[in-house]
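Undergrad: Have a look at this fold, sequence not included:
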Ligand SMILES: Cc1cc2nc3c(=O)[nH]c(=O)nc-3n(C[C@H](O)[C@H](O)[C@H](O)COP(=O)(O)OP(=O)(O)OC[C@H]3O[C@@H](n4cnc5c(N)ncnc54)[C@H](O)[C@@H]3O)c2cc1C
């Protein structure tokens with residue numbers, strides 16, 4: 001991994017995050033392919049150069065307001081409900097600042113997505129899901145990988161709160177779910193996590209700091225922000241980038257946008273690719289009318305249910321996560337579209353960057369994972385520094401609200417089960433009233449509404465790109481990040497972001 005002045009690469013990869021770091025590493029395995037990876041945030045050259053808090057798996061840097069590795073985007077979760085959406089802006093992208101939960105999408109997700117191309121069928125992606133990981137619990141099996149870049153370890157359920165959570169879920173009849181990457185019936189179990197010895201292994205560390213760092217055909221530029229893509233006569237020819245205090249135009253054989261689900265559609269818009277009327281209204285010269293770019297946005301609404309420990313509990317040893325319960329909502333996906341994720345760190349600790357906050361209530365993060373694209377991303381200025389206008393469109397339908405109510409009641413049932421009494425002094429939020437009344441519970445949920453930060457679907461396969469990430473109507477331009485998933489998976493998307501890098505790298509290398 002060298003840092004000379006940029007020369008014309010065969011492939012310019014924009015963004016070194018969940019998908020881009022993977023894509024650049026895989027493409028550069030071919031010594032005949034010159035790859036330039038441009039990352040807007042800092043790019044450390046060694047593990048020791050990462051600020052400590054970015055690797056500490058007891059923390060979630062993206063939850064800390066003002067963290068320097070995070071860019072925030074103003075957004076609306078629902079009408080009148082503002083929110084600051086977070087994205088990693090550092091080598092590894094959002095995988096550097098996320099929760100380190102690394103769970104595969106479900107077979108149902110691939111069944112939906114594979115209508116856009118066989119590359120996405122479960123049988124086609126399984127070998128890649130094995131190739132991208134080293135499963136430290138199960139080793140190499142027909143389902144799991146034994147030699148891939150991302151280490152996967154399941155969370156330790158021996159912490160008293162994690163053990164009690166698991167026992168309580170079991171006592172309520174939820175099945176055991178010991179391997180959430182095995183596509184079994186949903187239930188309660190440990191969380192697969194890209195964490196080893198208390199360190200969260202982001203995609204930059206996993207894919208770029210090892211052997212890839214010595215490849216002469218891979219250049220990784222940090223603090224290098226792409227402003228727009230140059231497109232001439234229907235072909236992407238290069239990109240405008242800011243690097244080292246200079247603005248330059250870099251020609252490239254092919255450009256792959258991996259800037260994430262909020263920045264890739266924004267970059268397309270700024271390059272004149274998107275809904276023509278909207279772009280023209282904001283003074284952006286239209287290059288290619290593609291209304292689907294930014295027309296939809298899919299994510300998972302989240303609220304926090306809290307309980308008070310009845311006695312001092314130890315801080316987590318290596319991971320902020322305890323266990324997780326997945327269950328289907330009424331009429332929802334059999335794979336489980338409701339999620340209750342146990343945090344062993346209080347909210348004030350997650351927000352403040354401290355793993356311990358003795359005496360504070362402990363949270364369960366409660367999300368509805370039904371795949372639905374309810375939001376939008378619109379560009380409102382030709383100035384790249386003006387953020388896009390983002391709406392999530394949460395809780396618009398009766399089914400959305402019912403799903404969240406069911407998830408909150410399921411979480412409250414776990415907390416109030418006898419088996420949880422071993423560690424718990426009781427539920428502190430929500431109070432009893434809202435749990436018994438749909439209207440009150442809807443109001444409680446709305447007042448505490450947040451998001452899992454799992455945005456997908458802003459440049460979807462089908463309407464905007466094909467199954468190989470190629471932007472419809474243009475040549476030499478692809479998108480390869482969570483933007484291309486038509487909807488958010490039934491689990492968190494980090495493992496799927498890595499998979500996207502693997503799938504699209506395969507497509508590029510195969511010449512298709
Ligand atoms: C706080 C938080 C917690 C999360 N927790 C989890 C979790 O525990 N489990 C889970 O499954 N998912 C989680 N996610 C989601 C998951 O991390 C993301 O879905 C995944 O990282 C997305 O990968 P990506 O490649 O699409 O984008 P990103 O990982 O966001 O990468 C995009 C990269 O592009 C760079 N970039 C952007 N614009 C430009 C530009 N113009 N020029 C150059 N570079 C640019 C960015 O700096 C970034 O490095 C979380 C997300 C957040 C924000």
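TA: Alright, I've got the coordinates. The shown structure was predicted, so the numbers you read here are calculated from the model rather than taken from an experiment.
Undergrad: Quick one: residues contacting the closest residue to residue 450 other than its chain neighbours.
TA: On the basis of C-beta to C-beta, 6 or more residues apart in numbering, the spatially nearest residue to residue 450 that is not a chain neighbour turns out to be residue 302, at 4.8 Å. C-beta here means a position set from N, CA and C on the backbone, and glycine is covered the same way. The contact partners of residue 302, taken as C-beta atoms under 8 Å, 6 or more residues apart in numbering, are 365-367, 449-452.
Undergrad: Does the host helix or strand of residue 302 reach the ligand?
TA: Using DSSP states H and E, residue 302 maps to strand 301-309. No - Strand 301-309 lies apart from the ligand when judged by C-beta under 6 Å from any ligand atom; the minimum separation is 10.3 Å.
Undergrad: Quick check: neighbours of that strand in the sheet, parallel or antiparallel?
TA: Under the criterion DSSP bridges, strand 301-309 sits next to strand 362-368 (antiparallel), strand 424-429 (antiparallel), strand 450-451 (antiparallel) in its sheet.
Undergrad: near the ligand, anything from the shortest one?
TA: Looking back up the chat, that one is strand 450-451. No - using C-beta under 6 Å from any ligand atom, strand 450-451 stays clear of the ligand, coming no nearer than 9.2 Å.
Undergrad: follow-up on the earlier one: what separates the strand holding residue 302 from the chain centre, distance-wise?
TA: Offset of strand 301-309 from its chain centre (C-alpha atoms, centre = their mean, to the nearest Å): 21 Å.
Undergrad: do the same with stretch 202-213
TA: That offset, for stretch 202-213, works out to 18 Å (C-alpha atoms, centre = their mean).
Undergrad: what's the answer for stretch 146-165, then?
TA: That offset, for stretch 146-165, works out to 19 Å (C-alpha atoms, centre = their mean).
Undergrad: try stretch 32-42
TA: On C-alpha atoms, centre = their mean, the centre of stretch 32-42 falls 21 Å from that of its chain.
Undergrad: For it, measure first residue to last.
TA: 27 Å (C-alpha to C-alpha, to the nearest Å).
Undergrad: Repeat that for stretch 227-236.
TA: Using C-alpha to C-alpha, first and last residues of stretch 227-236 are 14 Å apart.
Undergrad: And for stretch 37-48?
TA: First-to-last residue span, stretch 37-48, C-alpha to C-alpha: 21 Å.
Undergrad: and for that stretch, what are the contacting residues?
TA: Under C-beta under 8 Å, 6+ apart, the answer for stretch 37-48 is 1, 12-16, 20-21, 24, 50, 55, 69, 71, 88-91, 93, 204-205, 208-209, 213, 218-226, 239, 241, 243, 259.
Undergrad: please redo it, this time with the cut-off set to 6 Å
TA: 13-14, 16, 24, 50, 89-91, 220-222, 224-226, 241 (C-beta atoms under 6 Å, 6 or more residues apart in numbering).
Undergrad: That stretch: which residues count as buried?
TA: By neighbour count on 16 or more other C-beta atoms under 10 Å, the buried set for stretch 37-48 is 37-41, 43-44.
Undergrad: now swap in stretch 58-65 and tell me
TA: 58-64.
Undergrad: quick one: residue 199 and residue 55 touch, right?
TA: Yes - the pair residue 199 / residue 55 is scored as a contact, 4.7 Å apart, by C-beta atoms under 6 Å.
Undergrad: returning to that earlier point: near the ligand, which of the buried residues of stretch 58-65 show up?
TA: 60, 62-63.
Undergrad: Around the ligand, which positions in the stretch 401-512 of the chain sit nearby?
TA: Residues of the stretch 401-512 of the chain found near the ligand (C-beta under 6 Å from any ligand atom) are 453-454, 481-482, 492-494, 497.
Undergrad: Name the member of the residues you listed with the most neighbours.
TA: residue 481 (33 neighbours; other C-beta atoms under 10 Å).
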